[in-house]
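Participant: Got a sequence here, can you build the structure:
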Amino acid sequence: MKSQRRRIIREELLRSIAWIGLAIVGWPLVISEITWLDATALTVFGLPALTWALLTTGAIAVRLATSTELQVQTPVGLSISLLLGIMLGGVGAVYLATAGGYSALWISAAYVAVTGITVFWYWFAGPDTVDTTVTT
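Facilitator: So this is what the prediction gives:
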């Protein structure tokens, strides 16, 4: 196995600790809220394992195919992080409005305000201020 391939696989396996942690916490919460999905050993342990495997192999495949670093310290990494944060914030806002019982108007207003401030800060600070030197 090439040293570059070994390094990519090792890095993505270390990063995948976050995926499995989020999946172990997130899937049982989703299963408890959805009435048509039974809480069995397959769903409680199988869905997190499947989520971890798909995300990890996907990240490894993307890095091996494109030979990019996929680091947050690059301008592209910051843009992807911003987009993912906005999407996760939207999911959280929908959850609070539907399952949490909070007012949809206030949740939507807070989501739009936080998103607007974040995008303005990102535009003002700019991803060009990031030092893109990567050492190996």
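Participant: Please identify the buried residues of the strand or helix carrying Leu78?
Facilitator: Leu78 belongs to helix 75-98 when elements are defined using DSSP states H and E. Counting neighbours by 16 or more other C-beta atoms under 10 Å, one finds that the buried residues in helix 75-98 are 77-78, 82, 93, 96-97. Using the backbone N, CA and C atoms, a C-beta is placed for each residue, glycine as well.
Participant: Lys2: neighbouring residues, count only.
Facilitator: 7 (other C-beta atoms under 10 Å).
Participant: Kindly provide the distance from it to Ile9.
Facilitator: From Lys2 over to Ile9 the distance is 10 Å, taken as C-beta to C-beta, to the nearest Å.
Participant: In this protein, where is pLDDT below threshold?
Facilitator: Along the chain, the parts satisfying pLDDT under 70 run over 1, 68-72, 127-136.
Participant: And the residue nearest the centre of it?
Facilitator: Leu84 (6.0 Å; C-alpha atoms, centre = their mean).
Participant: What's the separation between it and Ala23?
Facilitator: Taken as C-beta to C-beta, the span from Leu84 to Ala23 is 16 Å.
Participant: Could you do Gly126 as well?
Facilitator: Gly126 is 34 Å from Ala23, by C-beta to C-beta.
Participant: Check which residues of stretch 109-128 are buried.
Facilitator: 111, 115.
Participant: from now on call the first residue 46
Facilitator: Will do, 46 is the new start, and the previous item becomes stretch 154-173.
Participant: Give me the distance from the top helix by length along the chain to the chain's centre.
Facilitator: Taking DSSP state H as the criterion, the chain has its longest helix at helix 48-78. Centre-to-centre, helix 48-78 and its host chain are 10 Å apart (C-alpha atoms, centre = their mean, to the nearest Å).
Participant: same thing with stretch 157-169?
Facilitator: 19 Å.
Participant: ok, residues contacting it?
Facilitator: 123, 127, 130-131, 134 (C-beta atoms under 8 Å, 6 or more residues apart in numbering).
Participant: please redo it, this time with the cut-off set to 10 Å
Facilitator: Residues outside stretch 157-169 that contact it (C-beta atoms under 10 Å, 6 or more residues apart in numbering) are 123-124, 126-127, 130-131, 134-135, 138.
Participant: That's all I had, so thanks and see you.
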